[in-house]
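Q: Fold the following.
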Amino acid sequence: MALTPDGRRLVIQCKRYRDSNKVGSQDLQRFGGTCFTVHGADVAAVVTTSTFTKPAAGYAK
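A: Model (predicted):
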């Protein structure tokens, strides 16, 4: 967790996955279910060493 320059609470989740293991929409749904309600995030981000599946990218939008 961190604060943005304008004071909003930022929650970041890092996924250290291999290229063959993409971050799926289920990963983002779990994160989304906790980052706002449990951690009180104003801004949420998922960072990965891999890529995101198409459904995950759609969910994120």
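
Q: ok, longest helix in this protein?
A: With DSSP state H applied, the helix covering the greatest number of residues in the chain is identified as helix 25-35.

Q: roughly how far is that helix from the heart of the chain?
A: Chain-centre distance of helix 25-35: 7 Å, with C-alpha atoms, centre = their mean, to the nearest Å.

Q: got the buried residues for that helix?
A: For helix 25-35, a neighbour-count test (16 or more other C-beta atoms under 10 Å) marks S25, D27, L28, F31, G32, C35 as buried. Quick note: C-beta positions are derived from backbone N, CA and C, even for glycine.

Q: need the next SSE after it, C-terminal direction.
A: Using DSSP states H and E, the next helix or strand after helix 25-35 towards the C-terminus is strand 43-48.

Q: coming back round to it: just name the lowest-scoring one in the buried residues of helix 25-35, pLDDT-wise.
A: Scanning the buried residues of helix 25-35 for pLDDT, the low point is G32. It has 90.

Q: Who are the contact partners of that residue?
A: A44 (C-beta atoms under 8 Å, 6 or more residues apart in numbering).

Q: Can you tell me the closest non-neighbouring residue to the residue positioned nearest the centre of the chain?
A: Residue closest to the average C-alpha location in the chain (C-alpha atoms, centre = their mean): V46, at 2.8 Å. Spatial nearest neighbour of V46, excluding adjacent residues (C-beta to C-beta, 6 or more residues apart in numbering): Q13 at 5.0 Å.

Q: can you check S50 too?
A: Counting by C-beta to C-beta, 6+ apart, the nearest residue to S50 once its immediate chain neighbours are dropped is Y17, at 3.9 Å.
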